[in-house]
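Participant: Predicted coordinates and the sequence they were generated for:
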Amino acid sequence: MECHIHVIISESSLSQIEKLGSFGPDPPPSMWYNLDRPLRILRMYWLHCKKFLSSNR
């Protein structure tokens, strides 16, 4: 089963994401709190998705 999330992000969000990327695939939670609200919502969906996928193995 796959989970796809399509998002349109602004330039400023993109630079925030690039900063996060330097922490590897799983940035520390403290890094997420500084993000724009849309990105925090995206993270919520992402975590929900991961949980959903792992529970269906």
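Facilitator: Happy to help now that I have it. All of these numbers come straight from a predicted model, not from anything done at the bench.

Participant: what packs against the top helix by length along the chain?
Facilitator: Using DSSP state H, we find that the single longest helix of the chain is helix 37-55. When contacts are defined as 3 or more CB pairs under 8 Å, 6 or more residues apart in numbering; DSSP states H and E, helix 37-55 sits against helix 11-21, helix 29-32. Placement of C-beta: from N, CA and C, glycine included.

Participant: Those into a markdown table, with extra columns for mean pLDDT and mean neighbour count?
Facilitator: Output for those, formatted as a markdown table (pLDDT from 0 to 100; neighbours: other CB atoms under 10 Å):
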| stretch | mean pLDDT | mean neighbour count |
| --- | --- | --- |
| helix 11-21 | 75 | 12 |
| helix 29-32 | 74 | 11 |
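
Participant: can those go into TSV with extra columns for distance to residue 52?
Facilitator: Shown next, in TSV, are these (distance: least, CB to CB, whole Å):
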stretch	distance to residue 52
helix 11-21	22
helix 29-32	19
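
Participant: Excluding chain neighbours, give the residue nearest to the spatially most central residue of the chain in space.
Facilitator: Taking CA atoms, centre = their mean, the centroid of the chain lies closest to residue 43, which sits 3.6 Å from it. Of all residues not flanking residue 43 in the chain, residue 32 sits nearest, at 5.5 Å (CB to CB, 6 or more residues apart in numbering).

Participant: ditto for residue 27
Facilitator: Leaving aside its chain neighbours, residue 27 sits nearest to residue 20 (4.7 Å; criterion: CB to CB, 6+ apart).

Participant: who touches the one you found in this structure?
Facilitator: 27, 31-32, 35 (CB atoms under 8 Å, 6 or more residues apart in numbering).
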